[in-house]
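1. I would like to see how this sequence folds:
(2 chains)
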Amino acid sequence: MGLPHHPLETLRPLSEAELSEWEEAYAAVEAYLQALRLRNRLLVAELVRAILWRASARGTKEPGVPARVLAMEETLTEIARWTQEVLDEPLEHNRLAARGRLALLLADMPGKWQGVFLTPHPWPPPFTDAMRKSYLAAGPQFANLTMVPKPLELNIIGSGAAQWWETMDRRPIVRKMFAIFLLALIGAILWFIFFE
Amino acid sequence: MRAWLRRLVFFGSVVLVNIAASYWLYDLFTRMGMHRAHVLLLAVFFILNGLLVLGSFHALFGAWDILWGKKRAVRITKLAEEAGDGPLTRRYAVVMPVYNEDCVRFCARIEAIYRSIEATGQLDSYDFFILSDTRDLDLWVLEETAWTNLCRKLGGFGKIYYRRRKKNANRKAGNIGDFVRTWGGGYEAMVVLDADSLMDGGDILKMTRVMEAYPNLGILQTPPKLIRGSSIFTRLQQFAMRLYGPLFIRGLNWWQLGGGSYWGHNALIRVKPFSDFCELPDLPGREPFGGKILSHDFVEAALMVSEGWEVWLAWDIEGTYEEAPPTLIDHLKRDRRWCQGNLQHMWLVFARKLPLTVRAHLFMGIMAYLGSPLWFLFLIFGTWVAWDREASGLSNLPYDGTPVDRWLHIDGNTQSLILTGAIFLLLFSPKILALTGAILVPRVRRSFGGFFPLVTGVFLETVLSMLLAPCVMVAHTLMVSGIVLGHAVGWGSQNREADGTGWAEAFTVHAPPTFLGIAWGVLAWHISPTFAAWMAPITLGLVLCIPVSVLTSRARYGKALARHKILSTPEELNPPAVMLLADVAHAAVDPALDATAPGRYGVIAAVVDPYVNGVHVSLLEPADLSGSEEAIVERCLTMGPSAMSKDEMVDLMYLAPAMLALHRAVWLRPSEGIHATWTQAVESYRRRLDAGAVEDLV
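-> Numbers count the residues shown, from 1 in each chain, chains lettered A, B, ... in the order given. Down below sits the predicted model:
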């Protein structure tokens, strides 16, 4: 571990603004690695430092780009590049990141292989096997069947009722008149039974 | 006995007893001096008493079948044994439709069923499908993570599948239909579950063997037992169903045979005939009576039977379970949906080509809800007659010489008491039979906790059921009235937690029956104290429905009873293996893939968390981002998810490049450039080290 070509003697004094900017970059990269469930603090610190060195080197060529952006771009790019190398399969750029992260999860990188994360080839065969076999399938091969509703065959009473019902649905005035007629009929029957 | 003869004997007995009881009442009315309202009372009595006799005779015939028909009754377990123990020849699916459910709990049930089938050595023949119609976006993400964890832990990739429908057309029936259309061709049959279903793998295998051995079998329905009730209300239901249920199930099976019904879940369905015949037609007109069929299960069985396929009730399958709504209010909410669905079946009564058994099932389903307004009407007519009689000052029994008087030489009071006694006998005979059977069979008695808890449980269940019945009657009457007036019901998820009903909620829901009970009680007292006494079981139930609803919803009282084994069931006292498996199942929960952490729940996690985002995007179709969609992404970043409409969020979540762009941006951009929701979610990953609690890494 470590970066022997970046000894302490190469450090230069940094302004408060620079320190603050790189502190934010450090925090973001560290948070992302923790979001990937890397548990080992030494490993996280080493990876953060390596990524920040790269970002710093890019910063000298791209002045004006915030340190956080540089650092996180380096992080995401490096993870995508490395997972593609491990997976050894061509992927469209826009699917690569998700596929790589999914493979890390399904191969249980956080649980079993955090020491291998972002290291150069060769990787342990069980790790590469696990990465390459990882996939998500929401369903098996399609095996279609058709389902076509058959119209309800009603008898003569049912057909008559259906016709009447649909007419009432289409014409609110008929519905209202029918409701009033029904209520009046019920009222009349009750009146006849109890009072007449 | 031939099927038609059994049906003739059963329904003939019901009709005969009902005619006899109705004639008895007619005779009594004649003695009292026939009033025109008595005609209405008699008509309603004929229907209500018919329903009562129908219910009781199920238990009577069930008891008879248990005692005398044991050897002849077809047992699924025996048929499965006869089918042999070789490998299954076809492939089968276990499907669980879910709608805004607790994913950890339903995944635990899937895990238990999976492990239970695995123990039979036939796991290779089964695939599992979680068919989500979930509309809540956070729950959608949680379902994806729970499913992924489940597959990771069980090695279930390519075996357990998760599918979410973009549009949940036609509710649960549409969800199952979508599965059949998409993947049904790969399977001979499917075990249809509910989100709260649990089934023993060994029993699923037995059912599958029977399905393979009997090619004309279309649906094999099991009678699920209620489990895990903690509130008094749920415990009442599960105790009653467990103790009295087998009698009704056997009685039902005695006459329905191959013309059974499907109850929507815990059943094995042959896929091909289901796809050929069970796509539901729309009913004439609009909802609530027309349109899409809500209670699809009965109709699917009806269509299957009418096309010559057999639908069996697997009465002897033990390992089949479900959960019940925890409170009276939740129970009534579910009933509102079922009520509308069952009333829609009135159209099918007028359909051609339906066999008698199918019409009988549809009729019983309809009357389960229409019975309440009829009972309500009966009580109103009765009150009116009593009022009229009291106001007229006439003697109650002015006339003798009716046929009953001439034949039996009994006075009117005795005749009235005999009828009342007969009604009570019909009402309580299922309970008496079940209790007697349980007491006399030591194994059954012990399984319910012994003699004292059993008898106390039956007593408590009877008292509380009597108190609850009037409230349910009024609620059903209001439901039916609402539906008649054109109010359709929505599709709500079910509350399966027993957190209890608050007094305010109970008052809001139960105020109408309470005031009705008070008014009715006062009126009855005004008519005469004797009439008030006769009406007391009704008025008391109505007046007390708020406290009864609240107190029966409390889990702590239910647990107190459970400590004394009161209202306990065999499954509670001696949980079966699959329940124990479900209790310890936690494969769906893994901190490595988690969308429930504070500050990054659900949708937030799908954007921020590298793994949750990876899982979510991997399940989406490839797509490109248009200019307008980029603008929506930008708005979501700067204004946060709460500023977006639900439709916009749904669109974003279905767009893989949008979700990837959001993930990249929330990590890349400085905090000034994005909404605080994202910044805080990103920051939440660092808190652990800042707090020095490394061991709590999430």
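2. Could you tell me which helix of chain A is the longest one?
-> helix A:172-194 (DSSP state H).
3. mean confidence score for that helix?
-> When pLDDT is averaged along helix A:172-194, the result is 83.
4. before we move on, what about stretch B:613-629?
-> 89.
5. Only C-alpha atoms, please: export stretch B:258-271 in CSV.
-> Listed next in CSV are the C-alpha coordinates belonging to stretch B:258-271 (Å, rounded to 0.1, in the frame of the first residue of the first chain):
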residue,chain,number,x,y,z
GLY,B,258,-65.8,-30.9,-8.2
GLY,B,259,-67.9,-27.7,-8.5
GLY,B,260,-66.1,-25.8,-5.9
SER,B,261,-65.0,-22.2,-5.6
TYR,B,262,-61.7,-20.2,-5.6
TRP,B,263,-61.1,-17.9,-2.7
GLY,B,264,-58.4,-15.8,-4.4
HIS,B,265,-55.3,-17.2,-2.7
ASN,B,266,-53.7,-20.3,-1.2
ALA,B,267,-54.8,-22.3,-4.2
LEU,B,268,-53.1,-24.2,-7.0
ILE,B,269,-54.4,-23.2,-10.4
ARG,B,270,-53.7,-24.9,-13.8
VAL,B,271,-52.4,-22.2,-16.0
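6. Look at the residue of the stretch 551-698 of chain B at minimum distance from chain A and give its secondary structure.
-> Residue of the stretch 551-698 of chain B nearest chain A, by Cβ to the nearest Cβ: B:Gly614 (3.4 Å). Bear in mind the C-beta positions are built from the backbone N, C-alpha and C, glycine included. Applying DSSP: H, G, I helix; E, B strand; the rest coil to B:Gly614 yields a three-state assignment of helix.
7. isn't it right next to A:Arg101, touching?
-> Yes. Between B:Gly614 and A:Arg101 there is a contact at 3.4 Å, judged by Cβ atoms under 8 Å.
8. Below-threshold pLDDT in chain A: ranges please.
-> A:1-12, A:91-94, A:193-196 (pLDDT under 70).
9. ok and the residue in it nearest chain B?
-> Counting by Cβ to the nearest Cβ, chain A gets nearest chain B through A:Gly158, at 2.7 Å.
10. element containing that residue?
-> helix A:156-170 (DSSP states H and E).
11. With A:Leu14 instead?
-> Assigned by DSSP H and E, A:Leu14 falls outside every helix and strand.
12. what ranges do the helices span in chain A?
-> Along chain A, the segments classed as helices by DSSP H run A:16-35, A:41-61, A:67-87, A:93-106, A:109-112, A:125-133, A:156-170, A:172-194.
13. Could you export these as a markdown table, including distance to B:Arg75?
-> Converted to a markdown table, the helices of chain A look like this (distance: least, Cβ to Cβ, whole Å):
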| stretch | distance to B:Arg75 |
| --- | --- |
| helix A:16-35 | 56 |
| helix A:41-61 | 61 |
| helix A:67-87 | 54 |
| helix A:93-106 | 44 |
| helix A:109-112 | 48 |
| helix A:125-133 | 44 |
| helix A:156-170 | 39 |
| helix A:172-194 | 51 |
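14. and these as a markdown table, adding mean neighbour count?
-> Shown next, in a markdown table, are the helices of chain A (neighbours: other Cβ atoms under 10 Å in any protein chain shown):
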| stretch | mean neighbour count |
| --- | --- |
| helix A:16-35 | 18 |
| helix A:41-61 | 16 |
| helix A:67-87 | 20 |
| helix A:93-106 | 22 |
| helix A:109-112 | 17 |
| helix A:125-133 | 15 |
| helix A:156-170 | 14 |
| helix A:172-194 | 12 |
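15. And for the residue of the stretch 551-698 of chain B closest to chain A, the neighbour number?
-> Look at B:Gly614: counted by other Cβ atoms under 10 Å in any protein chain shown, it has 27 neighbours.
16. what's near enough to touch it?
-> Contacts for B:Gly614 (Cβ atoms under 8 Å, 6 or more residues apart in numbering or on different chains) come out as A:Ala97, A:Ala98, A:Arg99, A:Gly100, A:Arg101, A:Leu102, A:Leu104, A:Leu105.
17. Pull out whichever of the residues you listed are also neighbours of chain B.
-> A:Ala97, A:Ala98, A:Arg99, A:Gly100, A:Arg101, A:Leu102, A:Leu104, A:Leu105 (Cβ under 8 Å from any Cβ of the partner chain).
18. on that earlier part again, nearest to B:Glu111, out of the helices of chain A?
-> With Cβ to Cβ, the closest approach to B:Glu111 among the helices of chain A belongs to helix A:93-106: 18.0 Å.
19. hey, C-alpha coordinates of that closest one in PDB?
-> What follows is helix A:93-106, C-alpha atoms only, in PDB (Å, rounded to 0.1, in the frame of the first residue of the first chain):
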ATOM      1  CA  HIS A  93     -21.100   3.500 -21.200                       C
ATOM      2  CA  ASN A  94     -24.400   4.500 -19.600                       C
ATOM      3  CA  ARG A  95     -25.100   0.900 -18.200                       C
ATOM      4  CA  LEU A  96     -21.500   0.300 -17.100                       C
ATOM      5  CA  ALA A  97     -21.600   2.100 -13.800                       C
ATOM      6  CA  ALA A  98     -24.800   0.400 -12.600                       C
ATOM      7  CA  ARG A  99     -23.600  -3.000 -13.800                       C
ATOM      8  CA  GLY A 100     -20.300  -2.600 -12.000                       C
ATOM      9  CA  ARG A 101     -21.900  -1.600  -8.700                       C
ATOM     10  CA  LEU A 102     -24.400  -4.400  -9.000                       C
ATOM     11  CA  ALA A 103     -21.600  -6.900  -9.600                       C
ATOM     12  CA  LEU A 104     -19.700  -5.600  -6.500                       C
ATOM     13  CA  LEU A 105     -22.800  -6.100  -4.400                       C
ATOM     14  CA  LEU A 106     -23.700  -9.500  -5.700                       C
END
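20. What is that helix packed up against?
-> helix A:67-87, helix A:125-133, helix B:137-154, helix B:610-618, helix B:656-668 (3 or more Cβ pairs under 8 Å, 6 or more residues apart in numbering or on different chains; DSSP states H and E).
21. what about the helix or strand harbouring B:Ile632, near chain A?
-> In the assignment (DSSP H and E), B:Ile632 maps to helix B:627-639. No. Contact of helix B:627-639 with chain A (Cβ under 8 Å from any Cβ) is absent, the minimum separation being 13.3 Å.
22. gap between that helix and the chain center?
-> 43 Å (Cα atoms, centre = their mean, to the nearest Å).
23. returning to what we had before: the helix holding A:Gly158 to helix A:172-194, inter-axis angle?
-> 120 degrees (axes from the mean of the first three to the mean of the last three Cα atoms, to 10 degrees).
24. Any chance of JSON lines for the helices and strands packed on helix A:93-106, columns distance to B:Ala80?
-> Formatted as JSON lines, the helices and strands packed on helix A:93-106 follow (distance: least, Cβ to Cβ, whole Å):
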{"stretch": "helix A:67-87", "distance to B:Ala80": "46"}
{"stretch": "helix A:125-133", "distance to B:Ala80": "37"}
{"stretch": "helix B:137-154", "distance to B:Ala80": "26"}
{"stretch": "helix B:610-618", "distance to B:Ala80": "39"}
{"stretch": "helix B:656-668", "distance to B:Ala80": "46"}
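25. just checking, next helix/strand downstream of the helix holding B:Ile632?
-> Past helix B:627-639, the next helix or strand by DSSP H and E is helix B:646-653.
26. mind listing what's buried in that next one?
-> Neighbour counts over helix B:646-653 (16 or more other Cβ atoms under 10 Å in any protein chain shown) mark B:Met649, B:Leu652, B:Met653 as buried.
27. ok, now which ones touch the residue nearest to the second one when sequence neighbours are not counted?
-> So that's B:Leu652. Nearest residue to B:Leu652, sequence neighbours excluded (Cβ to Cβ, 6 or more residues apart in numbering or on different chains): B:Ala658, at 4.8 Å. Listed by Cβ under 8 Å, 6+ apart, the contact set of B:Ala658 reads B:Leu625, B:Glu629, B:Ile632, B:Val633, B:Asp651, B:Leu652.
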